[in-house]
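> Can you look at this prediction? I've put the sequence above it.
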2 protein chains.
Amino acid sequence: MVNKIALSTIERIDMNQATTNECVKAEAVATSLHGLETPCLVLDAARMERNVARLRTRLGDLGVALRPHLKTGKSVEVARRVMDSPRGPATVSTLKEAALFAAAGVRDMIYAVGIAPTKIAQVLALRAEGVDLAVVLDTVEQAEAVAAASREAGTAIPALIEIDCDGHRSGVLPTDKAALLGIGRALEQGASLRGVLTHAGGSYAARGAEALRQCAEDERRAVVAAATILREAGLPCPVVSMGSTPTAHSATDLAGVTEVRAGVFVFFDLVMAGIGVCRIDDIALSVMATVIGHQRDKGWILVDAGWMAMSQDRGTSKQAVNQGYGVVCDITGKPYPDLIVADANQEHGIITVRPGSSGTLPDLAIGDRVRILPNHACATGAQHHRYHVVRGADSTVEAEWPRFSGW
Amino acid sequence: MVNKIALSTIERIDMNQATTNECVKAEAVATSLHGLETPCLVLDAARMERNVARLRTRLGDLGVALRPHLKTGKSVEVARRVMDSPRGPATVSTLKEAALFAAAGVRDMIYAVGIAPTKIAQVLALRAEGVDLAVVLDTVEQAEAVAAASREAGTAIPALIEIDCDGHRSGVLPTDKAALLGIGRALEQGASLRGVLTHAGGSYAARGAEALRQCAEDERRAVVAAATILREAGLPCPVVSMGSTPTAHSATDLAGVTEVRAGVFVFFDLVMAGIGVCRIDDIALSVMATVIGHQRDKGWILVDAGWMAMSQDRGTSKQAVNQGYGVVCDITGKPYPDLIVADANQEHGIITVRPGSSGTLPDLAIGDRVRILPNHACATGAQHHRYHVVRGADSTVEAEWPRFSGW
């Protein structure tokens, strides 16, 4: 009961915040990037729309549904632009996302992090409000807890068994028939086995189109094999869910798969560009910053976006091109050649030319604005409360969209 | 004008959020850690109070004032426990911090990130409300902008010249007499030269008590030398401000210094323990998480605290002991031997025994709770909206304190 109260209170806080943020928009939204205070998060709607259309077309051609992961945007406005309909389907990474998107009308969600028994009450509360929220698990203990809670509530909670397709995180091996059947049968004692789900997290380390295609095929084979084991044992398995942005953009055959999940495809980022699934000029998210100083003898420009604004994600540090804390663009979003945020403190970013490159430091004065492309859109977005929406190189701010964080 | 409106609107949002958070406390606060949902931020008030008393006593013995940096806590409740009085003095890293702490009664602050010209209007707005907010700068351009805005507003904005004591970030070299006098004289055309300020960021890389003491002495000498140059030229320099948690805890002589700034000392963290300025059991901040799975053949325990809850700070990766994403403790805050969060995804943490150690994996079942000590308290705290306050090993939650984020 405490859980249920806490959840609805948290919901109210965030809806309050969203509402108050809307007041900002009505009252004092800047009409141009030049009028905004920095650091702030800028979203290029034209790039976002192009990114969404690209994956939709691709999956449509392959004949599978898209269940976008809303953890990247954490915004009702962004969610509405990536989902097929305002009701979903969608994927979430926290129950707070589930509650807030439910309040905005989303009715078909998978909470794609292994369920903790104490969280089942919150799942039931959302289901009681008419939300088809499914959970994910990979142990008999979790399946028994979900089944017991289902019996007690008199409603079958749907659950997907997580499959480990590449050894990078959670999940049952697709060859582990005993575990699959044990979990499936435990669920069927009151809960509902909805299917299998996997995520090729290992694809982030793949290099080259053929390696990515192979990751996608391995992911597909793993999850389809698990579905086959369950079905051959007479268990239901209507949903066969796979996905990651790299594999969603690289799969050439999705036979046996019913849906693909992906999150970061909506904005893309430098890690995705480094993997090769997008170009730098597909990246829709950036952090606008202001020049606050120079160390001219060192070739440094200091800006007011440090790791608090960029996040500490250094995902490109293991890639062929290390982008530091981000690639520096002018205020229209056009990258300066070889200019990166090489180091960062909490509220300071240090811009330099990439070591070993032929780039030259641009002539930026105190007060000039830049936009910095992030390594990881999910991580950078999470540091901000709102998106300032622009369209292409036009610096007109066409909207301000709230985003939420926390649990 | 837009700036001023935007600032007060942001203030209202956050005060609203704080107020609504207070409702959570009144309505549904869990009385025990066992009743909280995870991941969540736990603050051990006994450790915090001991940490604050330790630095206060130390600086009292050295005869200098403490100007705590409120960026670590980003909380009115924490601020009141680190400041000498509810009015300050204090240091802030953003103008949002300045505005929110001003609304809570703080009247003496330094905004310790180089001022951008577009932000001066916000500084003036806070000063007009009776807040003695000083700015920091290191260029003649900034000094001229602050002086011009002061003249226009008919009020002298106080500014401190940032001194570069160790080459790690911003600031004028303490030997650069021309720059110091140029900035000082530009300020005196309408603004007010309040003094000099430095931060020994390089101390984070120092190893051993003697190296730390030397960092503190270098920091002191740099800022006192700059003050001397200004005073000898007939310019005022009432404030001589230095500080970082490592040097504040290592200085043995602060002659010529008027105040010390430090932030992370209030909570401490694994980076500070690695440097040697605190022990693991001084760390007051932790993230509570729930076990959501196992990969037994790999020796992994999965929990629901990933990098979103811990931050991606990997500050201990360059230290003698790499603590991964954090040190794992039981729910009372006692560390398990050699147990760390070795890897993390957005909402998943992977707990393992430290590679090469003799630790053994504890027998933790699905649903069990752990507490994870962070690498960097400022970064981890920033991922959360509230502190759940406990005292020592007692799992009773004695309060819930809101914290804010963003700009």
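Yes, it's here. Numbering: from 1, shown residues only, chains lettered A, B, ... in the order given.
> Can you find the helix or strand of chain A with the lowest average pLDDT?
helix A:2-28 (a mean of 39; mean pLDDT, DSSP states H and E).
> other SSEs contacting the helix or strand just after that helix?
Later in the chain than helix A:2-28, the nearest helix or strand by DSSP states H and E is strand A:40-44. Helices and strands touching strand A:40-44, by 3 or more C-beta pairs under 8 Å, 6 or more residues apart in numbering or on different chains; DSSP states H and E, are strand A:285-295, strand A:386-391. Bear in mind the C-beta positions are built from the backbone N, C-alpha and C, glycine included.
> So which of the ones you listed is the most surrounded?
strand A:285-295 (a mean of 26; mean count of other C-beta atoms under 10 Å in any protein chain shown).
> Parallel or antiparallel, list what pairs with it.
Sheet pairing of strand A:285-295 (DSSP bridges) gives strand A:40-44 (antiparallel), strand A:300-303 (antiparallel), strand A:369-373 (antiparallel).
> In CSV, list the C-alpha atoms belonging to it.
Extracted C-alpha coordinates of strand A:285-295, given in CSV (Å, rounded to 0.1, in the frame of the first residue of the first chain):
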residue,chain,number,x,y,z
LEU,A,285,20.6,16.2,-29.5
SER,A,286,23.2,18.7,-28.4
VAL,A,287,24.1,20.8,-25.4
MET,A,288,24.4,24.5,-26.0
ALA,A,289,27.2,26.2,-24.0
THR,A,290,28.7,29.6,-23.6
VAL,A,291,32.4,30.5,-23.9
ILE,A,292,33.6,31.7,-20.4
GLY,A,293,37.4,31.8,-20.8
HIS,A,294,40.5,30.9,-22.6
GLN,A,295,43.9,29.4,-21.8
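> coming back round to it: want to throw the helices and strands packed on strand A:40-44 into JSON lines with mean pLDDT?
Formatted as JSON lines, the helices and strands packed on strand A:40-44 follow (pLDDT from 0 to 100):
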{"stretch": "strand A:285-295", "mean pLDDT": "98"}
{"stretch": "strand A:386-391", "mean pLDDT": "98"}
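> same for the helix or strand encompassing residue A:124, what does it pack against?
Assigned by DSSP H and E, residue A:124 falls within helix A:120-128. Applying 3+ C-beta pairs under 8 Å, 6+ apart, we find helix A:120-128 packed against helix A:2-28, helix A:95-103, strand A:132-137, helix A:140-153.
> what is the orientation angle of the third one with strand B:285-295?
When you say that, I think you mean strand A:132-137. Inter-element angle recorded for strand A:132-137 and strand B:285-295: 80 degrees (by axes from the mean of the first three to the mean of the last three C-alpha atoms, to 10 degrees).
> Would you indicate which residues of strand A:132-137 are buried?
A:132-137 (16 or more other C-beta atoms under 10 Å in any protein chain shown).
> what residue is smack in the middle of chain A?
Chain A has residue A:72 as the residue nearest its centroid, 2.7 Å off, counting by C-alpha atoms, centre = their mean.
> contacting residues around that residue?
A:78, A:263-264, A:266-267, A:377-378, A:381 (C-beta atoms under 8 Å, 6 or more residues apart in numbering or on different chains).
> Got phi/psi on the residue nearest to it when sequence neighbours are not counted?
Using C-beta to C-beta, 6 or more residues apart in numbering or on different chains and skipping residues adjacent in sequence, the residue nearest residue A:72 is residue A:263, 4.0 Å away. Phi and psi for residue A:263, reported as degrees, to the nearest 10, are phi -120, psi -60.
> tally of neighbours for residue A:263?
Residue A:263: 23 surrounding residues under other C-beta atoms under 10 Å in any protein chain shown.
> Same question for residue A:359.
Residue A:359: 14 surrounding residues under other C-beta under 10 Å.
> can I assume it is in contact with residue A:336?
Yes: at 7.2 Å, residue A:359 counts as touching residue A:336 under the criterion of C-beta atoms under 8 Å.
> Show me the one of the strands paired with strand A:285-295 that comes nearest residue B:220.
Ranking the strands paired with strand A:285-295 by their distance to residue B:220 (criterion: C-beta to C-beta) puts strand A:300-303 first, at 23.8 Å.
> on that earlier part again, want to try JSON lines for the strands paired with strand A:285-295, with mean pLDDT and distance to residue A:236 as columns?
Shown next, in JSON lines, are the strands paired with strand A:285-295 (pLDDT from 0 to 100; distance: least, C-beta to C-beta, whole Å):
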{"stretch": "strand A:40-44", "mean pLDDT": "98", "distance to residue A:236": "40"}
{"stretch": "strand A:300-303", "mean pLDDT": "98", "distance to residue A:236": "55"}
{"stretch": "strand A:369-373", "mean pLDDT": "98", "distance to residue A:236": "44"}
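> Adding mean neighbour count, write these out as a markdown table.
Formatted as a markdown table, the strands paired with strand A:285-295 follow (neighbours: other C-beta atoms under 10 Å in any protein chain shown):
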| stretch | mean neighbour count |
| --- | --- |
| strand A:40-44 | 25 |
| strand A:300-303 | 26 |
| strand A:369-373 | 26 |
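> between the ones you listed, which gets nearest to residue A:201?
Residue A:201 sits nearest to strand A:369-373 of all the strands paired with strand A:285-295, at 22.6 Å, using C-beta to C-beta.
> thinking again about what came up before, which of the contacts of residue A:72 lies at the shortest distance from chain B?
Comparing these against chain B with C-beta to the nearest C-beta places residue A:378 closest, at 6.0 Å.
> tally of neighbours for that closest one?
Residues near residue A:378, counting by other C-beta under 10 Å, number 24.
> got a list of what it touches?
Counted by C-beta under 8 Å, 6+ apart, residue A:378 has contacts A:71-72, A:263-264, B:346.
> Next, find the distance separating the residue of chain A most remote from its centre from residue B:134.
Largest separation from the mean C-alpha position in chain A: residue A:297, at 40.1 Å (C-alpha atoms, centre = their mean). Distance, residue A:297 to residue B:134, using C-beta to C-beta, to the nearest Å: 27 Å.
> The closest residue to chain B within the stretch 101-250 of chain A: what's it in contact with?
Nearest residue of the stretch 101-250 of chain A to chain B, counting by C-beta to the nearest C-beta: residue A:114, 3.8 Å away. By C-beta under 8 Å, 6+ apart, the contact set of residue A:114 is A:136-139, A:142, A:162, A:170, B:292-293, B:302, B:304, B:348.
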